[in-house]
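Peer 1: Next input, structure requested:
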Amino acid sequence: MFRKGSGVTLAHVQALTIGPADGPAVVRDVDLTIARGEVVALVGRSGSGKTTLALTLLGHVRPGLRVRGGTVRVDGVDPLTAEGARRLRGERVTFLGQDPASALNPMRRIGTQVAEAVRLRASAASGRAWVGTEVARLLSGVGLPVDDSFLRRYPHGVSGGQAQRVALAVALAGSPVLMVLDEPTSGLDSVTAQDTRALVIDVLREHGRAAVLVSHDPHLVAGLADRVVELDAGRVVREGAPRDILAARLAPVRPRLRTAPIEPPSAGLVIRDVSASHGSHRVVADVTLRVPAGSCTAVVGPSGSGKSTLARCVAGLHRIEAGTVRWEDGKPAADRSRTPVPRGHIQLVQQDPVGALNPRETVRRALSRPLRLVRRPRSSRGAHPLPGGGTARIPRRQHRPHRSWLAIGFGATLVDASVERTRPRPAGP
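Peer 2: Alright, predicted model coming up:
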């Protein structure tokens, strides 16, 4: 917590209820007031209605839901009307989501997208030189390079952490009075997350901006929020100072699932002298690593240091320029000529579960291939209506048909503590 609000109301939600036309409400009779300059954190388990509530401040209600009752006002404007949303979005209210893949256009370069955000919120007299200076200021402010080689990259050519920071730079363009931040530091390493948190604090403090923070990260909430509101099943169940609410939420909870035994792989993995590049830029250089059978090896480092590229090389999804990836028994592990069964022994659990799933496919279709090998109950729910914790579980289940397998990725970066506790762990002695 770094400051208190001015006491002057900026946003007010009264008796708000949101849900499908003929089903249980997602947000139930919620009252919420945000003062100018105040940071309010919304916490709660996945599916509790946090993001749904926060999005109403932008005038957005997810498909399949509708406002059943209540009112929303931001700076005296009703964002749930077309005219109100037009006046608020991008000008007085900005949004940073937990999924940078959906915030960035995959067909446009990084520099172009940030420049577009600057031009949309700048005066007509602003010239090209000024726009270029603002782009450099925004990107360097979130710890990103501003050289031409980086500006010319597409979103798929940067790491997940870098993409998140590009999205943050876009959200910071202009002069909003309210920022809606949905997991703004998810997927970032600890140093970058701390820098990003400091940057957001500076931006909010500089112009007295208010913010609504949706987060599962207790450190981020404790360091940024003035007030915490906890939701459960769409209702406000607790509200107060960050220290009080977080202490109650972090109390020990009995695990929901019993410990499940996991059979170790038949052979460990050996990565020897692996090098890889993005274009002419070398991002992985002569990496040698051994992953013993039945073990978990963590690869850490700042965003952009090559962690994701190395993982994709091991999974056979990125070209290896030099070196080898083999099982300890000598069989190739990352060879594109592998048959389907050996190829399934190494699977990538992506950092962004929503981006890993086709939004036009149901969960049933997404799981249909492994379900032909292991018979399990199927669901007909689509990917997007599921909360972040639900989508994060689906890629894990897709990779269970083989008894000898290696999982690589960032599967816990976007889930809350209650979801993370449900992960099966190797049985102890």
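Peer 1: where does the stretch 51-200 of the chain dip in pLDDT?
Peer 2: Applying pLDDT under 70 to the predicted model, the residue ranges of the stretch 51-200 of the chain that meet it are 101, 123-125, 187-189, 192, 196.
Peer 1: Where do the strands of it begin and end?
Peer 2: In the stretch 51-200 of the chain, strands defined by DSSP state E, counting those that start in this stretch lie at 66-74, 93-96, 178-182, listed in chain order.
Peer 1: got TSV for those strands, with mean neighbour count and distance to Leu10 too?
Peer 2: All C-beta spots, glycine's among them, are computed from the backbone N, C-alpha and C. Rendered in TSV, the data for these read as follows (neighbours: other Cβ atoms under 10 Å; distance: least, Cβ to Cβ, whole Å):
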stretch	mean neighbour count	distance to Leu10
strand 66-74	17	7
strand 93-96	24	10
strand 178-182	23	6
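Peer 1: can I get the ones you listed in CSV with distance to His156?
Peer 2: What follows is the strands of the stretch 51-200 of the chain, written out as CSV (distance: least, Cβ to Cβ, whole Å):
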stretch, distance to His156
strand 66-74, 34
strand 93-96, 20
strand 178-182, 22
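Peer 1: looking at those strands, which is closest to His318?
Peer 2: strand 93-96 (28.0 Å; Cβ to Cβ).
Peer 1: List of residues touching the closest one?
Peer 2: For strand 93-96, the external contacting residues (Cβ atoms under 8 Å, 6 or more residues apart in numbering) are 55, 57-58, 74, 79, 89, 103, 167-168, 171-172, 174, 176-182, 184.
Peer 1: The same query, at a cut-off of 6 Å, please.
Peer 2: The set of residues that contact strand 93-96 without belonging to it, under Cβ atoms under 6 Å, 6 or more residues apart in numbering, is 58, 167-168, 171, 176, 178-181, 184.
Peer 1: among those, which two are most distant?
Peer 2: For the contacts of strand 93-96, the maximum inter-member distance is 17.3 Å, found between Ala167 and Leu178 (Cβ to Cβ).
Peer 1: give me the element the closest residue to Ala333 other than its chain neighbours is part of.
Peer 2: The spatial neighbour of Ala333 that comes closest, neighbours along the chain excluded (Cβ to Cβ, 6 or more residues apart in numbering), is Val325 at 4.8 Å. For Val325, the enclosing helix or strand under DSSP states H and E is strand 322-327.
Peer 1: cool, Asp244 as well?
Peer 2: Taking DSSP H and E as the definition, one finds Asp244 inside helix 242-249.
Peer 1: Leu80 contacts Gly59, doesn't it?
Peer 2: Yes: with contacts counted by Cβ atoms under 6 Å, Leu80 reaches Gly59, the gap being 5.4 Å.
Peer 1: And for Ala35, the neighbour number?
Peer 2: Close neighbours of Ala35, defined as other Cβ atoms under 10 Å, add up to 18.
Peer 1: Just the pLDDT at it, thanks.
Peer 2: Per-residue confidence (pLDDT) for Ala35: 93.
Peer 1: could you measure it against Val8, distance?
Peer 2: 6 Å (Cβ to Cβ, to the nearest Å).
Peer 1: and what of Val40?
Peer 2: Here Val40 is placed at a distance of 14 Å from Val8 (Cβ to Cβ).
Peer 1: which of the residues in stretch 16-28 are buried?
Peer 2: Of the residues in stretch 16-28, 16-19, 25-28 count as buried by neighbour count, 16 or more other Cβ atoms under 10 Å.
Peer 1: and the residue lying closest to Leu138 once chain neighbours are set aside, what does it touch?
Peer 2: Distances taken as Cβ to Cβ, 6+ apart place Ala169 nearest to Leu138, at 4.1 Å, with adjacent residues excluded. Ala169 makes contact with 114, 138-139, 142 under the criterion Cβ under 6 Å, 6+ apart.
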